[in-house]
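*Asks:* just coords:
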């Protein structure tokens, strides 16, 4: 294990870590370096980081994607999102902020899909928040296809069972991302993933069975609501992510949320 106080050049402090990587705040105060957690993992982890950099380069810039800056011998340099992962901010968000964030994620997802990119692991830990609560999709380790539909870069990751479309069996599409967005939105509004009584590892078959049977933990009506948006994601009622954005716009403009500004 790399000593936590042994930082690569240009890194002043550690701000986050995962099983494979450390996120270090760089001396400019507006960038972070994503680098391998352990020297023993350097070769594999650096290959994965280079693959992620290739995806950022192909996809270009968007207001709701984490901004890619460079790939170096030390790791991946990306923009610093001061509030960290969406997972860490859920408890402080107002209803209006949640609606704005939902719209931002849908907008970012629509952009990715327009570039023939499927995220493959959309969840509250892979969305990052800036100081002004702008949501940015990150951890771009998904599947990039060519215009003819052939795969240019295969997925390096996959959703867990609570975010996975039943029966998808490793086939990734806009539908699998939209299904995962339903789970992400549920987590944001309810403060936990669906079926909190079931473990995503030991109860995988039961969770998938509930999804297959349509036993969803939301209440839907004909009135536009977050539950209805989640339900439509899980039942694949949306043709594309842009339609999800349209529903969030309607929700933000409803009488209960007339003061909510449109997400940037």
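*Replies:* Good, I have the coordinates. None of these values were measured; they are calculated from a predicted model.
*Asks:* make it CA atoms for all contacts and neighbour counts henceforth
*Replies:* Will do.
*Asks:* in terms of pLDDT, where does residue 44 sit?
*Replies:* With respect to pLDDT, residue 44 has a value of 82.
*Asks:* again with residue 41
*Replies:* Looking at residue 41, its pLDDT is 63.
*Asks:* and residue 145, how many neighbours does it have?
*Replies:* By other Cα atoms under 10 Å, 16 other residues sit near residue 145.
*Asks:* for residue 91, same thing?
*Replies:* Neighbours of residue 91 under the rule other Cα under 10 Å: 12.
*Asks:* dihedrals phi and psi, the closest residue to it other than its chain neighbours?
*Replies:* Of all residues not flanking residue 91 in the chain, residue 191 sits nearest, at 7.2 Å (Cα to Cα, 6 or more residues apart in numbering). Backbone torsions of residue 191, given as degrees, to the nearest 10, read phi 80, psi 0.
*Asks:* surely residue 191 is in contact with residue 88?
*Replies:* No. Counting by Cα atoms under 8 Å, residue 191 stays clear of residue 88, with 10.6 Å between them.
*Asks:* follow-up on the earlier one: how close does the residue nearest to residue 91 get to residue 92?
*Replies:* Separation of residue 191 from residue 92 (Cα to Cα, to the nearest Å): 11 Å.
*Asks:* show me which of those two is the more surrounded one.
*Replies:* Neighbours per residue (other Cα under 10 Å) separate residue 191 from residue 92, with residue 191 holding more: 12 against 9.
*Asks:* now that one: how far from residue 201?
*Replies:* 20 Å.
*Asks:* try residue 94
*Replies:* To residue 201, residue 94 is 31 Å away according to Cα to Cα.
*Asks:* same thing with residue 21?
*Replies:* With Cα to Cα as the criterion, residue 21 and residue 201 are 23 Å apart.
*Asks:* between those two, which is the more surrounded one?
*Replies:* Using other Cα under 10 Å, the more surrounded residue of residue 21 and residue 201 is residue 21, with 20 against 11.
*Asks:* OK, contacts around that one?
*Replies:* Contacts were defined as Cα atoms under 8 Å, 6 or more residues apart in numbering; by that measure residue 21 touches 34-38, 45.
*Asks:* going by neighbour count, which of those residues comes out on top?
*Replies:* residue 36 (27 neighbours).
*Asks:* mind giving me the packing neighbours of the helix or strand bottoming out on mean pLDDT in the chain?
*Replies:* Least confident helix or strand of the chain, by mean pLDDT, DSSP states H and E, is helix 42-59 with a mean of 93. For helix 42-59, the packing partners by 3 or more Cα pairs under 8 Å, 6 or more residues apart in numbering; DSSP states H and E come out as strand 31-36, strand 68-71, strand 76-79.
*Asks:* most tightly packed of those?
*Replies:* strand 31-36 (a mean of 25; mean count of other Cα atoms under 10 Å).
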